[in-house]
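Q: Sequence isn't available, so here's the structure alone:
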């Protein structure tokens with residue numbers, strides 16, 4: 001079938017993107033689903049820093065690639081062997097397909113699925129195949145989803161069925177921002193009622209984590225970012241303290257506000273300085289979690305004596321250490337109870353042909369979460 005989608009032909013374009021247009025709206029051919037695959041009509045897809053990091057070459061991927069990985073839609077066609085979905089079902093896309101058979105999957109850690117990671121790096125579906133063509137030549141899939149298009153053929157393992165009463169515009173945010181942010185709090189850090197938490201980097205994922213910390217019952221929530229408007233929003237969403245991350249005395253202020261440091265500091269900025277700040281404001285015996293994804297060559301020295309003598313824990317969190325079929329329904333239930341107000345993260349809606357402008361806004365920190373409506 002013919003579809004329209006946003007294709008990246010080369011990484012590292014100059015800015016502003018509204019002028020250079022790194023994402024080109026193309027007419028592509030989309031193959032029907034193969035065995036174990038599903039054709040989904042995309043309704044809404046979110047703009048995320050994980051897309052931006054491919055556009056600006058921070059995270060190299062094969063091109064040409066049809067971007068987009070945070071989305072919700074409606075099942076159109078089922079491939080052979082898919083028996084647990086039906087035409088018309090509402091689904092959220094998950095950007096790590098899990099095979100269910102490798103060692104991480106067997107251990108209950110589908111976010112670390114080995115075949116899923118290999119497929120995502122190679123720009124294929126979980127099967128190893130590609131279902132997109134442009135003028136007869138293959139186009140790579142982005143994280144198994146390629147959601148900046150009217151339709152997508154994806155692995156069944158990239159989808160979670162949801163309650164059709166949840167508007168799909170709202171549901172789209174759960175596939176990345178909420179799974180990653182809330183999951184980092186409750187799954188990776190295992191924040192307990194009454195603990196203190198810091199969130200460094202108040203983009204869509206960081207603010208979702210802040211909402212998760214509120215829902216988990218954290219007694220003190222410190223928000224840290226460079227943007228004053230994001231710090232104000234963080235206060236409105238439940239932060240008890242908010243400090244400019246660029247201030248020379250930021251770490252001292254955060255430690256003072258929390259009696260010597262937080263039980264858990266969570267970093268979402270994807271920058272070494274942000275991770276260093278997170279480590280500085282973690283208390284003795286506390287946990288520092290990073291879910292930010294800086295460029296592959298970036299590294300950070302750790303004071304090993306301090307790590308040992310203070311019994312610190314440093315952890316990575318990928319897609320919120322999630323089990324999607326378990327966690328998505330839980331987070332959606334909290335949202336519908338009013339305890340996880342994810343809709344407050346939505347700051348704009350775009351047409352597909354406005355997508356480059358949307359990434360300018362994201363790059364400049366002018367937006368939290370924007371949706372392309374297909």
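A: Perfect, thanks for sending it. None of these values were measured; they are calculated from a predicted model.

Q: From the rest of the structure, what touches stretch 308-320?
A: Contacts to stretch 308-320, defined as CB atoms under 8 Å, 6 or more residues apart in numbering, come from residues 94-96, 111-112, 176, 179-184, 187-189, 266, 279, 282, 284-291, 302, 306-307, 327. Backbone N, C-alpha and C define where each C-beta goes, glycine included.

Q: List only those of these flagged as buried.
A: 94-96, 111-112, 176, 179-184, 187-189, 266, 279, 282, 286-291, 327 (16 or more other CB atoms under 10 Å).

Q: how about low-confidence regions in the stretch 1-150 of the chain?
A: For the stretch 1-150 of the chain, no stretch has pLDDT under 70.

Q: which residue ranges form the helices in it?
A: Remark: helices assigned in the stretch 1-150 of the chain by DSSP state H, counting those that start in this stretch are 17-20, 49-55, 103-106, 114-122.

Q: Return the set of buried residues in stretch 305-323.
A: 312, 314-315, 317-323.

Q: Apologies, that question was intended for stretch 366-373.
A: Using 16+ other CB under 10 Å as the test for burial, stretch 366-373 gives 367-372.

Q: and which of the residues you listed is nearest to residue 47?
A: Closest approach to residue 47 among the buried residues of stretch 366-373 (CB to CB): residue 370, at 4.7 Å.

Q: burial measure for the nearest residue in space to the closest one that is not next to it in sequence, as a count.
A: Using CB to CB, 6 or more residues apart in numbering and skipping the chain neighbours, the partner closest in space to residue 370 is residue 348 (4.1 Å). With neighbours defined by other CB atoms under 10 Å, the count for residue 348 comes to 17.

Q: Now residue 348: which helix or strand?
A: Residue 348 is part of strand 346-350, with elements assigned from DSSP states H and E.

Q: Give the pairing partners of that strand; include direction for each.
A: strand 369-373 (parallel) (DSSP bridges).

Q: possible to save the buried residues of stretch 305-323 as CSV with distance to residue 220 and secondary structure?
A: Below are the buried residues of stretch 305-323 laid out as CSV (distance: CB to CB, whole Å; DSSP: H, G, I helix; E, B strand; the rest coil):
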residue, distance to residue 220, secondary structure
312, 19, coil
314, 21, strand
315, 20, strand
317, 21, coil
318, 26, coil
319, 27, helix
320, 22, helix
321, 23, helix
322, 25, coil
323, 29, coil
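
Q: want to throw those residues into JSON lines with pLDDT and distance to residue 218?
A: Output for those, formatted as JSON lines (pLDDT from 0 to 100; distance: CB to CB, whole Å):
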{"residue": "312", "pLDDT": "96", "distance to residue 218": "19"}
{"residue": "314", "pLDDT": "97", "distance to residue 218": "20"}
{"residue": "315", "pLDDT": "97", "distance to residue 218": "17"}
{"residue": "317", "pLDDT": "97", "distance to residue 218": "16"}
{"residue": "318", "pLDDT": "97", "distance to residue 218": "22"}
{"residue": "319", "pLDDT": "96", "distance to residue 218": "21"}
{"residue": "320", "pLDDT": "97", "distance to residue 218": "16"}
{"residue": "321", "pLDDT": "97", "distance to residue 218": "18"}
{"residue": "322", "pLDDT": "96", "distance to residue 218": "19"}
{"residue": "323", "pLDDT": "97", "distance to residue 218": "22"}
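
Q: from these, which single one is nearest residue 157?
A: Closest to residue 157, out of all of those and judged by CB to CB, is residue 323, at 12.5 Å.

Q: if we can go back for a sec, nearest to residue 64 among the helices of the stretch 1-150 of the chain would be which one?
A: Going by CB to CB, the one of these nearest residue 64 is helix 49-55, 11.6 Å.

Q: Output the below-cut-off pLDDT ranges for the stretch 251-374 of the chain.
A: Ranges of the stretch 251-374 of the chain meeting pLDDT under 70: none found.

Q: mind listing the helices for it?
A: Using DSSP H, counting those that start in this stretch, helices in the stretch 251-374 of the chain cover 272-280, 304-309, 324-336, 355-363.

Q: Please identify the most buried of the ones you listed.
A: Of the helices of the stretch 251-374 of the chain, the one with the most neighbours on average (mean count of other CB atoms under 10 Å) is helix 355-363, at a mean of 22.

Q: about what we covered before: closest to residue 142 out of the helices of the stretch 1-150 of the chain?
A: Comparing those by CB to CB, helix 49-55 comes nearest, at 7.1 Å.

Q: who's in contact with that closest one?
A: Contacts for helix 49-55 (CB under 8 Å, 6+ apart): 8, 11, 13, 17, 22-23, 58-61, 65, 67-69, 95, 142-143, 148, 176, 203-205, 270, 293, 295, 359, 362-363.

Q: Filter those residues down to the buried ones.
A: 8, 11, 13, 17, 22-23, 58-59, 61, 65, 67-69, 95, 142-143, 148, 176, 203-205, 270, 293, 359, 362-363.
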